[in-house]
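A.B. asks: test case, fold it:
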Amino acid sequence: MTKKIPIILDTDPGIDDAAAIVIAATHPAFDLKLVTTAMGNVDVEKTTQNALKLLEFVGADVPVAKGASKPLLREYVGAPEVHGESGLGGYVLPEPTTCPVDQFAVEAMRDTLLTSDEPITLVPIGALTNIALLLHQYPEVKPHIKEIVLMGGAFGLGNRNSVSEFNIFADPHAAQMVFQSEVPITMVGLNVTHQALVSMDSIQMIQKANKVGAMLEEMFRDYLSVGTEGTASTGLAIHDACALYYVLHRDKVEAQPYPVDVVLDGPAAGATVVDILSKGRPANINVTLSFDFDHFNDWFVESIKGTVS
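C.D. replies: You can find the predicted model right below:
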């Protein structure tokens, strides 16, 4: 049996986060050690409750730790116009019977990393506030991090302004701190995730497969209605699941290391500047350039089918 990959998922659910959470919690290749939450798509109280609800829905016994309620320096800006006021579109999950652990997310990550028998992969799929605080306050955890695989950034067009992706825009100062941390980082950005579409036929397939697929199909209808994440003719961008796909199938992904900086303010705040013309600057980020998109679609369907019966 193949050894499971230990991961910590840092998230702000969010509709596409919901898909990533259920895959991380149930896929046989992952050992999900901890879920941490932050403000992002909606406020941190809602993202934390959403994480608890989703994990309970799939029967996963995974601790949840509540994290940052605001960015490091700028004002919090959410995205309820995309994910709905609850963060999960119009879908209503039962209230959780569990509670978050009695520990701030950063301390929970520190303890999980330092007590692990092997390095852990961090998979942030929201703003990088918690990760920045972790690396700044507890630099001793760095040798215990195998790598950071984040969904965020854009090598090209953005989705919050013309050049910035939402997760980096949400806290650009945190992103810059993480990018300069010298921890191995792969950036799975919009240039890939906007092409890694799950077809509408596939969404109908998971809708019929099990209760998780039915839940996601209903959420995806709300997501599709926004008009920015895909169309009925092309398919739907499930951005955050792409980070998990990379962790498992990097042989299906083209990536290249580049120097990358984050714009901290002004009209391009949150932009990830991929320096393709660098003259000897050391690369700090492994930037994804392309996926095997058909394989991603098939992997997503099979991952959801395998969640619960």
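A.B. asks: right, and Tyr91 touches Met215 too?
C.D. replies: Yes. At 6.1 Å, Tyr91 counts as touching Met215 under the criterion of C-beta atoms under 8 Å. Where C-beta positions appear, they are placed from N, C-alpha and C, glycine not excepted.
A.B. asks: which one of those two has more residues nearby?
C.D. replies: Using other C-beta atoms under 10 Å, the more surrounded residue of Tyr91 and Met215 is Met215, with 23 against 19.
A.B. asks: would you map the strands across this protein?
C.D. replies: Counting by DSSP state E, one finds strands in the chain at the ranges 5-11, 30-37, 64-66, 120-124, 145-151, 185-188, 197-198, 230-231, 235-237, 253-258, 260-262, 272-274, 285-291.
A.B. asks: buried set for the fifth one?
C.D. replies: In this case it means strand 145-151. Along strand 145-151, these residues count as buried under the neighbour rule (16 or more other C-beta atoms under 10 Å): 145-151.
A.B. asks: for that strand, the averaged confidence score.
C.D. replies: Regarding strand 145-151, the rounded mean pLDDT is 98.
A.B. asks: can I get that strand in CSV, CA atoms only?
C.D. replies: Output of strand 145-151 as CSV, limited to C-alpha atoms (Å, rounded to 0.1, in the frame of the first residue of the first chain):
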residue,chain,number,x,y,z
ILE,A,145,7.5,21.6,6.3
LYS,A,146,8.1,19.4,3.2
GLU,A,147,6.8,22.1,0.9
ILE,A,148,4.0,24.6,0.5
VAL,A,149,1.6,24.0,-2.4
LEU,A,150,-0.7,27.0,-2.6
MET,A,151,-3.6,27.9,-4.8
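A.B. asks: from the contact counts, what lies against it?
C.D. replies: Strand 145-151 sits against strand 120-124, strand 185-188, helix 241-248, with contacts defined as 3 or more C-beta pairs under 8 Å, 6 or more residues apart in numbering; DSSP states H and E.
A.B. asks: relative to Ile21, which of these is closest?
C.D. replies: The closest of those to Ile21 is helix 241-248. By C-beta to C-beta, the value is 9.7 Å.
A.B. asks: distance of Ile131 relative to Leu190?
C.D. replies: For Ile131, the distance to Leu190 (C-beta to C-beta, to the nearest Å) stands at 19 Å.
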